[in-house]
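In: Starting from these lines, generate the structure:
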Amino acid sequence: MFHSLGRWYRDFEHEQLAVLETPELVQKMAPGFRRCWVARLAKLSAIERQQLHAFSMKYRGRVLLGALLKWVLSFSLLGLVFHLLRPVAAGVHVPILVANALGLVLLCATIGALFNYREILRTGLRRFGIYFGLSMGVALMGVAAGAVLNGRPVWDALQFAAFRGVVAGLATGFLLTVPIAIVSVLRNQQYQLLTDKLQGEAERARLAKELSESRLHLLRAQIEPHFLFNTLGAVQQLAEQGAPRAAELTANLIAFLRASLAEMRSEQVSLQAEFGLVEAYLQVMTVRLGERLQFSLDLPAALEAVEVPSMILLTLVENAIKHGIEPSLRGGAIAVTARLDAAVLSLAVHDSGVGLAAIPGKGLGLDNVRTRLHLAYGSAASLAVDDAEEGGVAAVITLPVQQKD
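Out: The predicted model follows:
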């Protein structure tokens, strides 16, 4: 019997904790007492449920049983003290039972005040009237029981107990409801402060997100005309020289612009699209620089759907052309690669150009890349630019994986 009762209580406790975390689970429960009880818990506010869940996690199983035993022993001791001060002829068990009955009422009311304070304040007079009634009823029953056990007739016992019961009930009800009212008011004030704090944090997070998005749009506005003007300058240069490859460059530029139009207005794009844009751009620059530029692209098929900030690789490739390949008399090669290691994506642009020592300043492009990474990923993403062991510069972006569904 005790084993079955213990199992029933453990299941009930588990259901209560689950509903406090996810109120929607109450709809999946079978009708009955347990569903009626947890349905009341599901109606609590999110803050009240969180507070009750923390309390339930602390006082569960044997811990709860131990706390209840201490509560019973405390009120039993209180009844014993009362009996020693004013002995009851019926025996010590009467004041002990009355004290524990009042203790049970106080326990239920206290838990209600701690975790259902908003409902208590909303129905204050009616609820406090119930507490008064329970207190008076318990006191009246105790006094009447004592009179009956002393051998007095039931009616005489009730008449004898009436005045004492009312006085004892009023006193007990007053001592019970006043602390409950104070606890409810203080908890409600705490609830309002916490609610205001959470609302303020949510508003600050919303404003921070809007600011970040605005800064991202500003950075993109700086990047877009940058590479467009550079490419159009290359077309103009070839046209002025009467170069026969001007038509090829124009065709490549059209292909590049067609590939870039969608990316220009997208926050995130797939690596396949980003590598396609980089390839179109390098085709354009190959016509301009001729044999002074070679390039290679390495994108594993498994990473094609991974999403990255749009045009972020293109900015690094542009920087490599401008500061690494063009200043070099012999030109050089650019290698663009993507690798995934332990859920961290590495995007590398390596050029065999003049190296960092010959590059004046840090450049607007690299600053924009770092800022965009910080706004999009925080400290989880970074950009490292260093001299490569085999010559030139290696720029490596690391960021968490975001794969397209």
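In: Going by C-alpha atoms from here, please, whenever you check contacts or count neighbours.
Out: Fine.
In: Show me the domain layout of the protein.
Out: Domains of the chain are assigned by automatic domain parsing as 2-202, 243-400.
In: Now the weakest link among those domains, please, by mean pLDDT.
Out: For these, mean pLDDT drops lowest on domain 2-202, to a mean of 74.
In: hang on, the earlier thing: so can I have TSV of the domains of the chain showing mean neighbour count?
Out: Shown next, in TSV, are those (neighbours: other CA atoms under 10 Å):
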stretch	mean neighbour count
domain 2-202	16
domain 243-400	18
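In: all strands of the stretch 201-350 of the chain, in order?
Out: Assigned by DSSP state E, counting those that start in this stretch, the stretch 201-350 of the chain shows strands spanning 268-270, 293-298, 307-309, 332-341, 344-351.
In: strand partners of the third one, parallel vs antiparallel please.
Out: Strand 307-309 has the following strand partners under DSSP bridges: strand 268-270 (antiparallel).
In: cool, and the last one?
Out: Counting by DSSP bridges, the strands paired with strand 344-351 are strand 332-341 (antiparallel), strand 393-400 (antiparallel).
In: Skip ahead from it and say which helix or strand is next.
Out: helix 364-377 (DSSP states H and E).
In: Downstream of that next one, the next helix or strand is which one?
Out: Following helix 364-377 in sequence order, the next helix or strand is strand 382-387 (DSSP H and E).
In: report the angle between the axes of that following strand and strand 344-351?
Out: Here strand 382-387 points in a direction 30 degrees away from that of strand 344-351 (axes from the mean of the first three to the mean of the last three CA atoms, to 10 degrees).
In: what packs against strand 382-387?
Out: Packing partners of strand 382-387 (3 or more CA pairs under 8 Å, 6 or more residues apart in numbering; DSSP states H and E): helix 364-377, strand 393-400.
In: which strands and helices sit next to the longest one?
Out: In this structure, helix 364-377 packs against helix 154-241, helix 312-320, strand 382-387, with contacts taken as 3+ CA pairs under 8 Å, 6+ apart.
In: can I get the strands paired with strand 344-351 in TSV with distance to I312?
Out: Output for the strands paired with strand 344-351, formatted as TSV (distance: least, CA to CA, whole Å):
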stretch	distance to I312
strand 332-341	12
strand 393-400	9
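In: Which one, of those strands, ends up nearest to K43?
Out: strand 393-400 (38.8 Å; CA to CA).
In: Name the residues that touch that closest one?
Out: Applying CA atoms under 8 Å, 6 or more residues apart in numbering, the contact partners of strand 393-400 are 316, 320, 324, 343-356, 377, 380-388.
In: about what we covered before: so which of the strands of the stretch 201-350 of the chain gets nearest L253?
Out: Nearest to L253, of all the strands of the stretch 201-350 of the chain, is strand 293-298, at 16.7 Å by CA to CA.
In: what is the orientation angle of the closest one with strand 332-341?
Out: Using the same axes, to 10 degrees: strand 293-298 against strand 332-341 is 10 degrees.
In: Starting from strand 293-298, tell me which strands it pairs with and how they run.
Out: Strand 293-298 sits in its sheet next to strand 332-341 (parallel), going by DSSP bridges.
In: Contacts for the strand it pairs with, please.
Out: 292-300, 303, 317, 320, 324-325, 345-353.
In: which ones are touching V385?
Out: So V385 contacts V393, A394, A395, V396 (CA under 8 Å, 6+ apart).
In: What is the nearest of those residues to A18?
Out: The closest of these to A18 turns out to be V396 (CA to CA; 45.4 Å).
In: which strand residues sit across from the nearest residue to that closest one once chain neighbours are set aside in the sheet?
Out: Nearest residue to V396, sequence neighbours excluded (CA to CA, 6 or more residues apart in numbering): A348, at 4.3 Å. Note on A348: beta-bridge partners by DSSP bridges are T337, V396.
In: residues in contact with L78?
Out: I96, A99.
In: before we move on, what about the one 4 residues further on?
Out: With CA under 8 Å, 6+ apart as the criterion, the residues that contact F82 are P95.
In: part of a strand, is it?
Out: No. F82: not assigned to a strand; according to DSSP: H, G, I helix; E, B strand; the rest coil it is helix.
In: Kindly provide the distance from it to L186.
Out: For F82, the distance to L186 equals 32 Å [CA to CA, to the nearest Å].
In: What of D351?
Out: Distance of D351 to L186, given as CA to CA: 66 Å.
In: hang on, the earlier thing: out of the strands paired with strand 344-351, flag the one nearest L104.
Out: strand 393-400 (54.8 Å).
In: Excluding covalently adjacent residues, which one is nearest to A395?
Out: For A395, the spatially nearest residue (CA to CA, 6+ apart) is V385, at 4.4 Å.
In: separation between that neighbour and D351?
Out: 11 Å.
In: just P300 next, same as before
Out: To D351, P300 is 20 Å away according to CA to CA.
In: do R62 as well
Out: 67 Å.
In: G32 too?
Out: 72 Å.
In: now swap in A109 and tell me
Out: Taking CA to CA, one finds A109 at 74 Å from D351.
In: what about the nearest residue to E15 once chain neighbours are set aside, which helix or strand?
Out: Spatial nearest neighbour of E15, chain neighbours left out: V38 (7.7 Å); criterion: CA to CA, 6+ apart. Here V38 sits within helix 33-42, counting by DSSP H and E.
In: orientation of the helix or strand following that helix relative to helix 33-42 in degrees?
Out: Counting by DSSP H and E, the next helix or strand C-terminal to helix 33-42 is helix 46-58. Following the same axes, to 10 degrees, one obtains 130 degrees for the angle between helix 46-58 and helix 33-42.
In: So which other helices or strands are in contact with helix 46-58?
Out: helix 2-21, helix 93-115.
In: Give me the helices and strands touching the first one, please.
Out: Helices and strands in packing contact with helix 2-21 are listed as helix 33-42, helix 46-58; criterion 3+ CA pairs under 8 Å, 6+ apart.
In: I'd like those as CSV, with distance to L253 appended.
Out: Shown next, in CSV, are the helices and strands packed on helix 2-21 (distance: least, CA to CA, whole Å):
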stretch, distance to L253
helix 33-42, 61
helix 46-58, 57
